[in-house]
Structures are given as structure tokens and as C-alpha cells.
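Undergrad: Quick one: sequence and predicted model below, then my questions.
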Amino acid sequence: MNPAFPDPHPGGPERPEVSIYEVGPRDGLQAEAQSVATVDKIDFIDRFAAAGLNPIEVTSFVLPTWVPQLADSAEVLDGVRDLAPLRMPVLVPNDRGLERAQKANAQTIAVFVSPTETFARKNLNTDKDGALADAEHITAEALGSGITVRGYVSMCFGDPWEGKVPIEDVLSMTRRLLAAGCYEVSLGDTIGVGTPGHVRELLEGFTEQERDRLALHTHDTYGQALANVLAGLDAGIRVFDSAAGGLGGCPFAGSATGNLATEDLVWMLEGMGISTGVDLSSLAATSEWMAKLLGRTSPSSVVRALSN
Ligand code: HMG
Ligand code: MG
């Protein structure tokens, strides 16, 4: 807890530590209309590291014409190399992306799949089985070259084109990524439609052993992200994805909006007696700085409250 701020829930119960997986430089910036200079992206990541965040997903090696905002991925990765041994995963969609990540000396990559056909097509220009086969193949190649691999399953709760996503489809896809050798699989609520009841129902479908290797990736479209984290904590999840300042969203997901803000997550966790190791005041200052660069205010309640 940062001593500069009051404890929002004094006397909260002690709980085991959880880990925050910061996606601000990747998910956070991939859909911004305003492009951010490479030097500012590197500064953004440096500031996160100084604030105690680890891991930080720093960029993606996707098709630059699809996501021009992250076309400078090799330069960004090169610019933060000195931060190692910090874990700095990069998103990789296919063989070509893996080749580029290997050339840039990435140590950890993240592969991503969808349990719905429409989003697989819109996000990866293939069908869901093809995307899964690609992810398995990339994972094997990466592991063979000493690169560790995280997995994402997107649209775990609802899909803007197909509606509610069957839990069985999410379970089977997640299990395939775990079996392929992903050290962790993050369950994505890409468009932020999940609710605590749905999170609980989905997580109950996994075994305890499987839940130990899962993370929850929430977007705050309907204001449910923190409540969903609580449901995840209750179900035994200990890794939560978030983006500083509440930036983010997938440009190919139709109605997606920002990720859960890391500051809001830190405020809640620390208030519950869960130590995050994150310096909240310096993180919020970083988000204010980035919001100014992007020409707007941060959607994070905690960033706004701390800046008043
Ligand atoms: P495609 O158009 O089908 O690509 O896109 P292709 O295989 O037909 O290749 C076309 C040309 O692009 C070829 O070049 C390839 O070499 C080149 P040419 O022969 O014409 O000269 N190419 C590449 N160049 C650089 N890097 C590459 C690459 N791949 C091919 N990686 C592709 C298929 C998968 C590439 C495209 O659909 C893509 O990049 N998709 C990524 C979209 C994306 O970044 N979405 C956002 C991230 S996912 C997300 O936000 C959700 C998440 O946060 C979790 C959640 O919220 O749920 C993770
Ligand atoms: Mg996302």
C-alpha cells in the first residue's frame, strides 16, 4: 500500500499475493487513433518497470497493416532490452510473427485464439480450428527455441456477432493451449460483457490444477471488470491482466472498450490486504502522462481520483 494514500478498506483480510500482468503497451495502444512515438512507448514501459510491474506485455508482432500502431515492435523491444530479467511477452499471431519475434530476441511470446468463428476470421483471418492449429504449432516451435509461451482465449463470455459463448468451447480450447505447453492461459472477456456469475460458472468447469495455470483478462465495457476479478479470486485465480489508465481494446472486436485499469485493480487488491508491489502514485502519474499524450483523460476512476 502506498503510504501517500489512505487504506480504502482498513482491517481487510490477509490473502495470498496475486500477480498483475500489465498489457498497457500492447492491448492499451493497439487501437489508439493517436499514434505514440517509439521513444514514448519505451519510456512508458520503463516507467511501468520502475513502478514495480512485472510482467509487461510490451508489443505485438502482428501484420503492421492490420495494427499500424504497433508496427515499431522490434524497435520497442530493442529499446527495453536493459530491463531484462523482467518478463516482457510479445503477442504473436503466426509463423511470420514468430520469426520476427525471434529475430528481435523475444524471450516470451503470447499466442491467441478464439472459440467463435466470426472473431477468428475478423482477428486472425482464419477459422477457429485453423487458428488453434497455428497457435499449437507456433507454441511448439517457440518452446523448441527456448522461448516461453503464454496463451490467450478471447471472447470467453460473449461475442458481438455470435452472442453468448458456450462454456464447453472455452474449456476445450483452453485445455488445448495448456496441453500445447503454454505456461499460463488468459481467459479474455474481449468485449467486457462477463459478469461475476458467468465468471464463476466458467471457472468451475476447470479443475483446481488447471485454474492454477489460468489468468483472467477483463475489459470494463459494462463496469463489471473489478467484480469479475473478485469472482476470479474467489475461484482461485491468482493472475489478472490489466492496462494502466484503463487503456485498450481490440480493434477487430466490434464493441470492445478499455481494459480494467491497473490502478483500479491495485487499489482494490491492496485494500483487501493483497500486496501487489506496485507503486500506485507513480503508476497513476504515468497514466496521466500517457492520457495527455493521447489528448484525453484516463477512464480510470482511481487515476482521476488521485489526480484531483
Ligand atoms: P493475412 O492477411 O491473412 O496474412 O493476416 P497472410 O498470411 O495472408 O500474409 C499476407 C502478407 O503479410 C504476406 O506478405 C506475409 O508475409 C505478411 P507478402 O507475401 O504479401 O509480402 N505477414 C506478416 N508480416 C509481418 N508480421 C506478420 C505477418 N503475417 C503475415 N505477423 C494475420 C493474418 C494473422 C497476420 C493478421 O490477421 C493479423 O496480424 N492479426 C492480428 C490482429 C491483432 O493484432 N488483433 C489484436 C490483438 S488480439 C486481442 O486484442 C485480444 C486479447 O487482448 C485478449 C482479449 O481481450 O480477449 C489478446
Ligand atoms: Mg484484450
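TA: Received the coordinates, thanks. Ligands and ions are numbered 1, 2, ... in the order given.

Undergrad: Give the bridge partners for the residue of the chain found nearest ligand 1, please.
TA: Nearest residue of the chain to ligand 1 (Cβ to the nearest ligand atom) works out as G188 at 2.3 Å. Using the backbone N, CA and C atoms, a C-beta is placed for each residue, glycine as well. Beta-bridge partners recorded for G188 (DSSP bridges): H217.

Undergrad: Based on its surroundings, how many neighbours for it?
TA: Using other Cβ atoms under 10 Å, G188 has 28 neighbouring residues.

Undergrad: for it, what are its contacts?
TA: Residues near G188 by Cβ atoms under 8 Å, 6 or more residues apart in numbering: F112, Y152, V153, S154, M155, C156, H217.

Undergrad: Sitting in strands, which of the residues you listed do you find?
TA: F112, Y152, V153, H217 (DSSP state E).

Undergrad: out of the residues you listed, which touch ligand 1?
TA: Among the ones in strands among the contacts of G188, proximity to ligand 1 is found for F112, Y152, H217 (Cβ under 6 Å from any ligand atom).

Undergrad: Any chance of those residues in a markdown table with pLDDT, distance to L294 and neighbour count as columns?
TA: Shown next, in a markdown table, are those (pLDDT from 0 to 100; distance: Cβ to Cβ, whole Å; neighbours: other Cβ atoms under 10 Å):
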| residue | pLDDT | distance to L294 | neighbour count |
| --- | --- | --- | --- |
| F112 | 98 | 24 | 24 |
| Y152 | 98 | 24 | 27 |
| H217 | 98 | 22 | 25 |
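
Undergrad: quick one on the thing from earlier: pipe the ones in strands among the contacts of G188 into TSV and attach distance to G236 per row.
TA: What follows is the ones in strands among the contacts of G188, written out as TSV (distance: Cβ to Cβ, whole Å):
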residue	distance to G236
F112	23
Y152	19
V153	18
H217	16
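
Undergrad: Closest one to G144 out of these, please.
TA: Set against G144, the nearest of those by Cβ to Cβ is F112 (19.8 Å).

Undergrad: Relative to L91, how far out is that closest one?
TA: 7 Å (Cβ to Cβ, to the nearest Å).

Undergrad: same check, this time on A227
TA: 27 Å.

Undergrad: With neighbour numbers in mind, choose between the two.
TA: L91 (25 against 17).

Undergrad: Which pair of the contacts of G188 spans the longest distance?
TA: F112 and C156 (11.9 Å).

Undergrad: and stretch 97-110, average pLDDT?
TA: When pLDDT is averaged along stretch 97-110, the result is 98.

Undergrad: from here on, count from 842
TA: With 842 as the first residue, the last one maps to stretch 938-951.

Undergrad: Next, the distance between the ends of that stretch.
TA: 11 Å (Cα to Cα, to the nearest Å).

Undergrad: Ok, stretch 896-915 next?
TA: Termini of stretch 896-915 sit 18 Å apart (Cα to Cα).

Undergrad: And that stretch, what's buried?
TA: Neighbour-count burial for stretch 896-915 flags 896-903, 907-908, 910-915 (criterion: 16 or more other Cβ atoms under 10 Å).

Undergrad: filter the residues you listed down to the ones near ligand 1?
TA: Of the buried residues of stretch 896-915, the ones that also sit near ligand 1 (Cβ under 6 Å from any ligand atom) are S901, F902, V903, W907, V908.

Undergrad: Pick out the most distant pair among those residues.
TA: The farthest-apart pair in those, when distances are taken by Cβ to Cβ, is F902 and W907, at 11.4 Å.

Undergrad: Give the residues shared as contacts by the two.
TA: With Cβ under 8 Å, 6+ apart, F902 and W907 have no common neighbours.

Undergrad: What residues does the stretch 992-1141 of the chain have near ligand 1?
TA: Y993, S995, G1029, T1031, H1058, C1091, F1093.

Undergrad: is it true that the fifth one touches G1033?
TA: Spelled out, that is H1058. No: in terms of Cβ atoms under 8 Å, H1058 does not count as a neighbour of G1033; the distance is 10.4 Å.

Undergrad: so who does R888 touch?
TA: S1123, T1127, W1130.

Undergrad: Tell me how far it lies from L1043.
TA: For R888, the distance to L1043 - Cβ to Cβ - is 34 Å.
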